[in-house]
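Participant: coordinates for the following, if possible.
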Amino acid sequence: MLNYKLLLFLLCFNFSAFSQEKHTVSGVISDARSNETLIGVTLQIKGTSIYATTNEYGFYSITLPKGNHILIISYVGFQREEKNFELNQNIKLNIRLQEESKQLQEIVVSDNKIKANIRKPEMSVNKLSIATIKQMPVVLGEVDIIKSLLFLPGVTNAGEGQSGFNVRGGGADQNLVLLDEATVYNSSHVFGFFSVFNPDAIKDLKLYKGGIPAKFGGRASSVLDIYQKDGNSNKFAMNGGIGLITSRLLAEGPIVKEKGSFLVGGRGSYAHLFLKFTDNKNVAYFYDLNAKLNYKLDKNNSLYLSGYFGRDIFSLNESFTNTYGNTTLNLRWNHLYSDKLFSNLSLIYSDYYYGLKLDFIGFDWQSGIKNYNIKYDLKYYLSDKLKLNYGINTVFNNFNPGVIEPINEKSNINYKKLDEKYAFEPAVYMDAEQQIDDKVAISYGLRYSLFYRLGASTINYYENNQPVVYDEELKIYEKAVPTSTKYFGSNKKIASYDFLEPRFAMAYEINENQSLKLSYNRMVQYLQLISNTASPTPLDVWTPSDNYIKPQIADQIAVGYFNNFKEDKYTVEIESYYKGIQNRMDYIDGADLIANEAIEQVILNGRMRSYGLEMLLRKNTGNLTGWIAYTLSKSEQQTPGRTPTEIGINNGNWYRSGYDKTHNLAVTGAYKLNEKWTFGANFTLQSGQPVTFPNGKYVYGDVVVPSYNSRNENRLPAYHHLDISATLIPRKNKSRKWQAEWVFSIYNVYSRQNATSFNFRQNDETGVNEAVKLSIFGIVPSASYNFKF
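Facilitator: Coordinates of the predicted model:
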């Protein structure tokens, strides 16, 4: 009887499969003007809930029942298209989309009627188009990708002129920043005034604040994934811009028409040149170079070679010289095994260099970090309801903590080289995205990461395995004295870790315009940044986890509500999150971090937590577009005592982290008056950065010593400013190849003197103690001329 039922089931199953004979339509979506592949294009089969999006190389694959279908293709900034096709076998359907406007810039008008953001089990993810970013007025007239992120919910920074960015209460070191898959360790030029990303060379960017796919790992808070343009394979083209402080130029064109292309772009600042006409001998400038080659070997194979090189030079009166910058190189091979299986193999090199020369001391210091990365990613489109992503990723890290050498024979500095450190970080992962039914979609995955701290290096050992000891009488933490040392030879294992990192997300579609979403992810960070500042500086040094410095383990859960209304004219996104981090580094009072060979002697492992509510209201269509973002959040840190007699840091109590911003309001908008004029405005208001002010003083001998209460119990004044811009596009653009525009902007219209820090001192004349505020910017007008041909 059982065999009979089993046979009947199989027959019914086979009959159903036969009656629903299926085939696959796949292809590449590209820009008709440049043949540039487009990332994240939404495709939907008309009259069904079946949809797909293109991957990082513009590829898509949809499996459908045999018959006639209509494919709707929609992408912001491009004309919506519908394609009729008959499917009675597997077919290729490559599609080229036409831009909505040929103007140099275009207000982002979303014609996307497809509810991909509603249906897709993806949340805590923000994507900004380059057209949107270019509408934002920014300081010194330079379009800035990093600063544009600060207008998104849950994203802040340490203040004006500060480098890096903070996501959901995390540190800047907890963000993984990728440029064409290569790690960028410092994302800023000139100590935070500009970002390292030339907007003319960027094709796509996506910020993951949570619900992070399993293919990413190695950082605790977020992933910023940026891709460069491939280059125009149809015709030669150039574009650029001339500003008061910086200029840029980019050239692109075909190597072999429609098969291969090149792109090369340069950018630099030149304000220091004007100082040569004065007695001012100070210098501060940067330059960077983006380059990319790609070639389509055949219909199933493509090669990409991309790179970035950037440097900052800062000099004070020829007695102090600081040089730092990033270098990346990536060779990629795309291979299409079938209509359903896409693969990418990448060989990646990243390098961050830091150099400091002090002529008046005769001191030259160089440090940095390099990594070599091999990764192989595959995407398997099993069916219209199930897609798999899986792959491997291996990273070898080489850390140079510092080399100190004398500049000349008169120097009193002795040559010293800190031990280089090495680490190997392999990982495997698998992700699945599955449509359960018409209402529910889920994604789930698992990443298994390993970490090996390797020699050659000499390791200290301490009594009770504690490099930091506690003086119960003075109630302070002090450096421990090593009891012994051990030398580990080249590639010998010093310490190792391994972790499972689960990822999960779910979307429940209430109706075609509303959905609820839930996500959870665990991230493990094996590399740590040695820094006691709220904002990263070039002086900071990366170090691997080892016997004493433990990996950070972050667990985050988020829930959200999403709604498109008024025929998609408006979008509302509301999310709440909680993130807990184990083994967050904290420093004992008086810690010396620079050129410290035994950094473990000033570090304690603590924990961190952050939680908050994010709200985003976006207007998508019409002459006026933009959004309002508000975040209410809390970020705290705690380092309790290791024994009942120890007090811990801050008496073992939770205290505000340096990234805690209770309130964060950001408003940005663009208004298209006519074909000639477009106006933009930004407003931001944030709670002041947590700081520790002295609450008194005492005299010890002839020295006045300040006293303090709890860590970060004070705040700087609230941070806010208003920026405006106007873009003029000449009418004669339409009748000639040379197209141009003028961009006029004013940063900080009402000249708010936002505090960067306070310096406490005694007034020499009155003898009264006073606090002196340091501000960087007042009102800053600027103008730039952009062109393309």
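Participant: relative to residue 681, how far out is the residue lying closest to residue 56 once chain neighbours are set aside?
Facilitator: Leaving out its chain neighbours, the residue that sits closest to residue 56 by CB to CB, 6 or more residues apart in numbering is residue 39, at 5.6 Å. Glycine gets a C-beta too; all of them are placed from N, C-alpha and C. Going from residue 39 to residue 681 by CB to CB, to the nearest Å gives 29 Å.
Participant: touching, residue 609 and residue 655? I think so.
Facilitator: No - distance between residue 609 and residue 655: 11.5 Å, which falls outside the contact criterion (CB atoms under 8 Å).
Participant: overlap in contacts, the two.
Facilitator: The contact sets of residue 609 and residue 655 overlap at 636, 638 (CB atoms under 8 Å, 6 or more residues apart in numbering).
Participant: in the chain, spot the strand with the most residues.
Facilitator: Ranked by residue count and defined by DSSP state E, the top strand of the chain is strand 386-406.
Participant: helices or strands next to the helix or strand following that one in the packing?
Facilitator: Note on strand 386-406: by DSSP states H and E, the next helix or strand toward the C-terminus is strand 416-417. Other helices and strands packing on strand 416-417, by 3 or more CB pairs under 8 Å, 6 or more residues apart in numbering; DSSP states H and E, are strand 386-406.
Participant: mind listing what's buried in the strand it packs on?
Facilitator: Buried residues in strand 386-406, counted by 16 or more other CB atoms under 10 Å: 387-391, 393, 395-397, 399-404.
Participant: just name the closest of those residues to residue 647, please.
Facilitator: residue 401 (30.4 Å; CB to CB).
Participant: may I have the phi/psi pair for residue 149?
Facilitator: phi -70, psi -30 (degrees, to the nearest 10).
Participant: how much space between the nearest residue to it once chain neighbours are set aside and residue 767?
Facilitator: Leaving aside its chain neighbours, residue 149 sits nearest to residue 155 (5.1 Å; criterion: CB to CB, 6+ apart). Residue 155 sits 44 Å away from residue 767, taking CB to CB as the criterion.
Participant: compare the two (neighbour count), which wins?
Facilitator: residue 155 (26 against 7; other CB atoms under 10 Å).
Participant: tell me how far the more buried one lies from residue 656.
Facilitator: Taking CB to CB, one finds residue 155 at 18 Å from residue 656.
Participant: same check, this time on residue 288
Facilitator: In terms of CB to CB, residue 288 sits 35 Å off from residue 656.
Participant: what sits against the most centrally placed residue in the chain?
Facilitator: Centroid-nearest residue in the chain: residue 224, 2.6 Å away (criterion: CA atoms, centre = their mean). Taking CB under 8 Å, 6+ apart, we find residue 224 in contact with 149, 175, 176, 177, 178, 187, 205, 206, 207, 208.
Participant: any idea of the pLDDT on it?
Facilitator: Listed pLDDT for residue 224 reads 96.
Participant: looking at this, it is in a strand?
Facilitator: Yes - assessed by DSSP: H, G, I helix; E, B strand; the rest coil, residue 224 belongs to a strand.
Participant: and it, bridged to which residues?
Facilitator: residue 177, residue 207 (DSSP bridges).
Participant: any idea how far residue 265 is from it?
Facilitator: If you go by CB to CB, the gap between residue 224 and residue 265 works out to 20 Å.
Participant: what of residue 419?
Facilitator: Separation of residue 419 from residue 265 (CB to CB): 38 Å.
Participant: more neighbours: which of the two?
Facilitator: residue 265 (25 against 16).
Participant: quick one: contacts for the more buried one?
Facilitator: Contacts for residue 265 (CB under 8 Å, 6+ apart) come out as 198, 200, 201, 248, 249, 250, 251, 289, 290, 291.
Participant: which of those sit farthest apart?
Facilitator: Taking CB to CB, the two most distant members of these are 248 and 291; they sit 13.9 Å apart.
Participant: and those two? Which one has more around it.
Facilitator: Using other CB under 10 Å as the criterion, residue 248 and residue 291 rank with residue 248 on top: 23 against 18.
Participant: these two touch, right, the more buried one and residue 270?
Facilitator: No - the criterion here is CB under 8 Å, and residue 248 misses it with residue 270 at 11.6 Å.
Participant: and after the one helix or strand in the chain whose mean pLDDT sits lowest, which helix or strand comes next?
Facilitator: Across the helices and strands of the chain, mean confidence by mean pLDDT, DSSP states H and E is lowest for helix 2-19: a mean of 42. Counting by DSSP H and E, the element after helix 2-19 in chain order, helix or strand, is strand 22-31.
Participant: buried sites along that next one?
Facilitator: Buried residues in strand 22-31, defined by neighbour count with 16+ other CB under 10 Å: 23, 24, 25, 26, 27, 28, 29, 30, 31.
Participant: what is the mean pLDDT for it?
Facilitator: Strand 22-31 comes out at a mean pLDDT of 92.
Participant: quick one: contacts of it?
Facilitator: 36-38, 41, 43, 54, 57-66, 69, 71, 73, 75, 78, 85, 87-97, 99, 339-340, 381, 383.
Participant: residue 576 pairs with what?
Facilitator: Beta-bridge pairing for residue 576 (DSSP bridges): residue 559, residue 613.
Participant: how about it, what does it touch?
Facilitator: Residue 576 neighbours (CB under 8 Å, 6+ apart): 558, 559, 560, 611, 612, 613, 614.
Participant: mark which of the residues you listed are buried, thanks.
Facilitator: 558, 560, 611, 612, 614.
Participant: my read: the second one touches residue 516, true?
Facilitator: Yes - between residue 560 and residue 516 there is a contact at 7.2 Å, judged by CB under 8 Å.
Participant: dump the buried ones among the contacts of residue 576 to a markdown table, plus pLDDT and distance to residue 369.
Facilitator: Listed next are these as a markdown table, based on pLDDT from 0 to 100; distance: CB to CB, whole Å:
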| residue | pLDDT | distance to residue 369 |
| --- | --- | --- |
| 558 | 97 | 31 |
| 560 | 95 | 36 |
| 611 | 97 | 32 |
| 612 | 97 | 31 |
| 614 | 97 | 32 |
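Participant: redo those as JSON lines? Include distance to residue 781.
Facilitator: Below are the buried ones among the contacts of residue 576 laid out as JSON lines (distance: CB to CB, whole Å):
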{"residue": "558", "distance to residue 781": "40"}
{"residue": "560", "distance to residue 781": "40"}
{"residue": "611", "distance to residue 781": "40"}
{"residue": "612", "distance to residue 781": "35"}
{"residue": "614", "distance to residue 781": "33"}
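Participant: what is the nearest of those to residue 162?
Facilitator: The closest of these, once distances to residue 162 are taken by CB to CB, is residue 612, at 20.6 Å.
Participant: and the closest one, how far from residue 395?
Facilitator: Distance of residue 612 to residue 395, computed by CB to CB: 31 Å.
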